[in-house]
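Trainee: Quick one, structure for this:
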Amino acid sequence: MVRAMKIFKVLTPLRAASIILAVVALVIVLDQLVVKRDYAPVPSHDVTEAIVAVERDVIPTPDFAPSFPLSTEPLQTAEPTVDPAIVDEEIILHEPETVGDVVDELLAAPVHRTATNPRVVIIIDDMGVDVKRSAAVVDLPAGLTLAYLPYASNIKAQTAKAKDAGHELMVHVPMEPMSQTKDPGPEVLCVGQDIAVFDQVLQDGLSAFEGYVGINNHMGSKLTQDKAAMARVMSALKSRNLYFIDSRTIQNSVAGDMAREAGVPHAGRDVFLDHENTAEFVSKSLAQVERKALKDGLAIAIGHPKDVTIEGLRAWLPTLKDKGIELVHASQVVK
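Mentor: Next comes the predicted model:
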């Protein structure tokens, strides 16, 4: 009996320790079950429903989400094919390299909203050189913004007729491109040009005809990246109370920044209509103009006096009223 009591005294602490260990183990197991429950992955069908809900825009935007509209258009990963017949735009686009660059671009992009109907601006560049097609553009419904090259023949008569038809006039000022194979024509504004020569070339271009209210760049993928040159352009525009439309022939253009610093009303091109010379491409581009106008309130497009563009606009312009979209001049949207 005495021996049994001694064994019991030894086993009691062991039993107590075992019970404590068992309790601790139970607590750990229960804690892990709670963690797994709280952080368990959403079943696949819930994920699908969440994605569909977002695409249908039924989930409210969280407080930390950006307020600007995110484009659904895919990033362009290659330079577009440029029709050799186009004497104007040398389109040089670069895909942003990082996610940060994409966000910076979205934050920097102007968001145009209007209390009235969505608006579109249709600018036709290179006007006046091809007299026949330029005249066909003038015969389109009133409300276009026509940019005439200052060296076009009989330009004063051409521009006077365009203005009488209800179109707005711009000077399409030749500016230096990046490519040495591109010919912007006579009297071109160039980077590093003597200041007196630069000012005289600009003065000559702005004296070619009357009745215009702004300018845009003809080519200019090199000049529009140069702050000093664009500052001189903006100073001249400010003194003449003119606006500037950036054709955006290159992504790194500083034209908008320099216009803002100089207090010059300005805007930038959103869509090129016809850098592929096909009716199908023009049709898709006009559809893109519609989408942007309906989403952001404004879309600015640039085209050229080409047969496919003229025919595309002839069919498309009369449809705008029924779509609730207003065709306006560039002077009505510059800031």
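
Trainee: check contacts around the closest residue to Lys306 other than its chain neighbours.
Mentor: Closest residue in space to Lys306, ignoring its immediate chain neighbours: Asp274 at 5.6 Å, by Cβ to Cβ, 6 or more residues apart in numbering. For every residue, glycine as well, the C-beta is placed using N, CA and C. Shown in contact with Asp274 (Cβ atoms under 8 Å, 6 or more residues apart in numbering): 83, 86, 281-282, 285, 303-304, 306, 308-309, 312.

Trainee: Tell me which of these fall in helices.
Mentor: Residues of the contacts of Asp274 located in helices (DSSP state H): 281-282, 285, 308-309, 312.

Trainee: just checking, Asp204 touches Pro150?
Mentor: Yes: using Cβ atoms under 8 Å, Asp204 is in contact with Pro150, at 7.1 Å.

Trainee: okay, and the common contacts of the two?
Mentor: With Cβ under 8 Å, 6+ apart as the test, Asp204 and Pro150 both reach Glu187.

Trainee: Just put the contacts of Asp274 in TSV and tack on pLDDT, neighbour count and distance to Asp139.
Mentor: What follows is those, written out as TSV (pLDDT from 0 to 100; neighbours: other Cβ atoms under 10 Å; distance: Cβ to Cβ, whole Å):
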residue	pLDDT	neighbour count	distance to Asp139
Asp83	37	16	23
Ile86	39	19	22
Phe281	98	20	23
Val282	98	24	18
Ser285	98	21	21
Gly303	98	27	15
His304	98	27	16
Lys306	98	22	15
Val308	98	20	16
Thr309	98	25	13
Gly312	98	23	15
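
Trainee: Which member of those residues is positioned nearest Asp270?
Mentor: For the contacts of Asp274, the minimum distance to Asp270 (Cβ to Cβ) is 10.3 Å, reached by Ser285.

Trainee: looking at this protein, which helix or strand is least sure?
Mentor: Least confident helix or strand of the chain, by mean pLDDT, DSSP states H and E, is helix 44-55 with a mean of 34.

Trainee: Would you check how far apart Ala147 and Glu261 are?
Mentor: Separation of Ala147 from Glu261 (Cβ to Cβ, to the nearest Å): 24 Å.

Trainee: distance of Pro186 from Ile155?
Mentor: For Pro186, the distance to Ile155 - Cβ to Cβ - is 13 Å.

Trainee: between these two, which one's more packed in?
Mentor: For the pair Pro186 and Ile155, the greater number of neighbours falls to Ile155 (18 against 11), based on other Cβ atoms under 10 Å.

Trainee: List the contacts of the more buried one.
Mentor: 128, 148-149, 208-209.

Trainee: Okay, Thr181 and Phe272: tell me how far apart.
Mentor: To Phe272, Thr181 is 20 Å away according to Cβ to Cβ.

Trainee: the more surrounded of those two?
Mentor: A side-by-side neighbour count of Thr181 and Phe272, using other Cβ under 10 Å, places Phe272 first with 24 against 6.

Trainee: for that one, which residues make a bridge with it?
Mentor: Ile302 (DSSP bridges).

Trainee: Surely it and His304 touch.
Mentor: No: here Phe272 does not reach His304: they are 9.2 Å apart, not a contact under Cβ under 8 Å.
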